[in-house]
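Participant: Predicted model follows, preceded by the sequence.
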Amino acid sequence: MLNDRLRFADFQLERLTNGRCRARVGLTWRDSEQFSGTCEGLASQAGELRCAAQACVDALTQAVQGGVQFELLGVKAVRAFDATVVIVSLAAHGEEAGQRVVGSYLTDADTARGAALAVLNATNRILGNRLFMR
């Protein structure tokens, strides 16, 4: 069933007055369960990318309930093919110890949102339906 995958539902990025930013990512599963992750970081281009990606990792952590733990190793936006590609690297700890996954998202408008979507693209490949057969 296609609805057995986590879906990207909401993204917000606030630039705070103290030179920091706060990202919030919302995920849904089966249109009824909702998971939310937040992160605060530096309000720079690199800081906003990392903050958005970590917020998505935090939402995923709630969703998998300890089945797999994800660690954000890096995030970067690069210019390629006349667009911006956001690439994330994650370590997955759990059933398959030490597995690294990479995800990407092609964007022109909102690179921070693209970082969160790149995390979801990377992790949906390994999560698939197996963790959500409850």
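Facilitator: Sure, I can see it.
Participant: Show me the shaky parts of the protein.
Facilitator: Along the chain, the model assigns pLDDT under 70 to residues 1-4, 95-97, 128-134.
Participant: now the helices: where do they sit in it?
Facilitator: All helices of the chain, identified by DSSP state H, fall at 45-64, 111-127.
Participant: what packs against the first one?
Facilitator: The helices and strands touching helix 45-64, judged by 3 or more C-beta pairs under 8 Å, 6 or more residues apart in numbering; DSSP states H and E, are strand 7-15, strand 20-29, strand 33-42, strand 68-80, strand 83-94, helix 111-127. The way it works is simple: take the backbone N, C-alpha and C, and place the C-beta from them, glycine included.
Participant: Just name the most buried of those.
Facilitator: When neighbours are counted by mean count of other C-beta atoms under 10 Å, the highest per-stretch mean among the helices and strands packed on helix 45-64 falls to helix 111-127, a mean of 23.
Participant: which residues pair with residue 106 across the strands?
Facilitator: Using DSSP bridges, the bridge partners assigned to residue 106 are residue 85.
Participant: Adding distance to residue 79, write the helices of the chain out as a markdown table.
Facilitator: Shown next, in a markdown table, are these (distance: least, C-beta to C-beta, whole Å):
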| stretch | distance to residue 79 |
| --- | --- |
| helix 45-64 | 13 |
| helix 111-127 | 11 |
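Participant: Nearest to residue 83, out of those helices?
Facilitator: When those are ranked by distance to residue 83, counting by C-beta to C-beta, first place goes to helix 111-127 at 10.1 Å.
Participant: Next, the angle strand 83-94 makes with the closest one.
Facilitator: Taking axes from the mean of the first three to the mean of the last three C-alpha atoms, to 10 degrees, helix 111-127 and strand 83-94 form an angle of 40 degrees between their directions.
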